[in-house]
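**Q** What follows is a predicted protein model with its sequence.
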Amino acid sequence: MTSALHRALGATAAILAAVLLAGTSAGRLDPHAAVAAAAVFAVIALVCRFGIVDHGSRPFGIANRITAARAATACFILATVGAAPDPALHWLIATLGGVAIARDGGDGWIARRSSLASAFGARFDMEVDALTILVLSLALASQGVVGPWILASGLLRYVFVAVSWLWPPLAAPLPPRDWRRACAVIQGATLAVAMIPVLPPPLATLTAAAGLATAVGSFGVDVRWLIVNRGTVAHASLAQRLRQLAGVLRSLVIYYGIPGRARRLRRLYAPFVPPGGLAFDVGAHAGNRVRCWRQLGARVVAVEPQPAFAAILRRIFGVDPDVVLLTVALDARAGEATLHVSDRTPTVSTLAGEFIEAARAARSFDRVTWDRPVAVATTTLDALIARYGPPDFIKIDVEGAEPRVLAGLSSPVGALSFEVVPSARDAAQACVDRIAALGEYRFNWSPGESHRMTWPEWIDAAALRAWLAGLRPDDPSGDVYARRSG
């Protein structure tokens, strides 16, 4: 599927680039507008590359190829902004816009008839519709066919999206409505018709205004429905959404923004994760371990229950057939559990309520709050092993819930690691007891995000228990590594 996506978008981009270059060379297109059009299509291609992960195993398909062609058509119309007014150009824009609008229903019909309909395809189609309406509005205004007020037609949908981000009730899902799509077609068609040169200016203005009025009416109906039904849907407040965004950005900077970290990770994990091997990342978070293990040539099962980070993992690794992404938590048994989420510091979200109380003994947790409980599905390490095979390495980083994860493991593995938070060292002691009960292991310590072993010699379980007993609440966190010695 990925290669088909690349071929389809690559061919479309090549045709668009050739047309833009020819138009610019002939002096018919403004070079700056042509560059902007090419940049917009490049952004569309990138969004498709990462958005296609929600497409499942279906091929890119003829319907999405048609939508990609409509996107390229919209980008060409964008390139006409700034060009000298010309009746021939008006005919070209009207024709291309009309064809793009007419083909709008065709891609969806084909997708449904060929059983290739998907959430990605529907969203791709909707965004290209919005882009087409926007560029037609820009063309009408820049060519002087109607006044600048017509830009409201193209910006209406984007203003709605921006306002819905600021006022969450407007972001709730809308019920399906055929009239909504019909209004979008009418809006686009009136913009294309208004561009026809033989239309008298007053009639062109009236036609474009009718399309805008139709769009305003459609959006008005939807806004009214959302306002009336806002009490039936739970919404995150703006403050909460900003905290979530800040937390996600913080994690991405920590795990991807520090130079040299990826190299240190590969050096650390190379002895545990062989090429062609299998590794479990329990608490995958932003996925830097997943990336490291894939660079080492291993297959990966990544477990992450937080929806925001599960979405990031899908965007980064969703097209990789050697990465399995599971939006669940691991526990002692399969079922459901409560995840205590910290929006501002999502790295400390946990299943373990006792960890929250223990962590408060450390000054480093003074400003940490666990904002909300979230119900999550749970499974076990034994279930993962039964499904995907025994792993060469398991990383467990779940903020005090490590003993619960290990309770779901009934057979020894070659190597594993678990996080230690000194203020919650009882959880670490329980992990040592469980690992020692599974087999003969020796241990080492990697503090913080140093990604290096501290002790020159690996120690046994008794020595590790003694070392853990001496930790103070404000000592740095880190990871204990265990490798089987028998």
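**A** Yep, that arrived.
**Q** residue boundaries of the helices in the stretch 151-300 of the chain?
**A** Applying DSSP state H, counting those that start in this stretch to the stretch 151-300 of the chain gives helices spanning 151-166, 178-194, 201-228, 238-256, 261-269, 288-295.
**Q** OK, contacts around residue 175?
**A** By CB atoms under 8 Å, 6 or more residues apart in numbering, the contact list for residue 175 reads residue 225. From N, CA and C alone the C-beta is placed, and that goes for glycine too.
**Q** What of residue 369?
**A** Applying CB under 8 Å, 6+ apart, we find residue 369 in contact with 342, 344.
**Q** cutoff 7 Å now
**A** Applying CB atoms under 7 Å, 6 or more residues apart in numbering to residue 369 gives the contacts residue 342.
**Q** so where's the stretch 351-486 of the chain uncertain?
**A** The model of the stretch 351-486 of the chain has pLDDT under 70 over residues 486.
**Q** Equivalent analysis for the stretch 201-350 of the chain, please.
**A** 230-248, 251-252, 254, 256-258.
**Q** on that earlier part again, got a markdown table for the helices of the stretch 151-300 of the chain, with mean neighbour count and distance to residue 436 too?
**A** Output for the helices of the stretch 151-300 of the chain, formatted as a markdown table (neighbours: other CB atoms under 10 Å; distance: least, CB to CB, whole Å):
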| stretch | mean neighbour count | distance to residue 436 |
| --- | --- | --- |
| helix 151-166 | 15 | 51 |
| helix 178-194 | 20 | 62 |
| helix 201-228 | 16 | 57 |
| helix 238-256 | 15 | 31 |
| helix 261-269 | 17 | 23 |
| helix 288-295 | 22 | 25 |
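**Q** Let me have those helices in a markdown table, extended by distance to residue 358.
**A** Listed next are the helices of the stretch 151-300 of the chain as a markdown table, based on distance: least, CB to CB, whole Å:
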| stretch | distance to residue 358 |
| --- | --- |
| helix 151-166 | 37 |
| helix 178-194 | 52 |
| helix 201-228 | 43 |
| helix 238-256 | 22 |
| helix 261-269 | 27 |
| helix 288-295 | 25 |
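**Q** Out of those, which is closest to residue 359?
**A** Among the helices of the stretch 151-300 of the chain, helix 238-256 comes nearest to residue 359, with 16.6 Å by CB to CB.
**Q** Residue 394 sits in which helix or strand?
**A** Residue 394 belongs to strand 393-396 when assigned by DSSP states H and E.
**Q** what helices or strands is that strand leaning on?
**A** Strand 393-396 sits against strand 278-282, strand 415-420, with contacts defined as 3 or more CB pairs under 7 Å, 6 or more residues apart in numbering; DSSP states H and E.
**Q** do you know which of those strands lies nearest residue 15?
**A** Between residue 15 and the helices and strands packed on strand 393-396, the shortest gap by CB to CB is with strand 278-282, which sits at 41.4 Å.
**Q** what are the C-alpha coordinates of the closest one, in PDB please?
**A** The C-alpha trace of strand 278-282 is given here as PDB (Å, rounded to 0.1, in the frame of the first residue of the first chain):
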ATOM      1  CA  LEU A 278      11.400  -9.400  19.000                       C
ATOM      2  CA  ALA A 279      11.000  -6.700  21.700                       C
ATOM      3  CA  PHE A 280       8.000  -5.600  23.700                       C
ATOM      4  CA  ASP A 281       7.800  -1.900  24.600                       C
ATOM      5  CA  VAL A 282       5.400  -1.700  27.500                       C
END
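**Q** Which residues does that strand contact?
**A** So strand 278-282 is contacted by 273, 289-290, 293, 298-303, 330, 384, 388-389, 391-396, 398, 405 (CB under 7 Å, 6+ apart).
**Q** again, but for stretch 78-87
**A** Applying CB under 7 Å, 6+ apart, the set of residues contacting stretch 78-87 is 20, 23, 28-30, 32-34, 36-37, 40, 89, 93, 135, 138-139, 142-144, 197.
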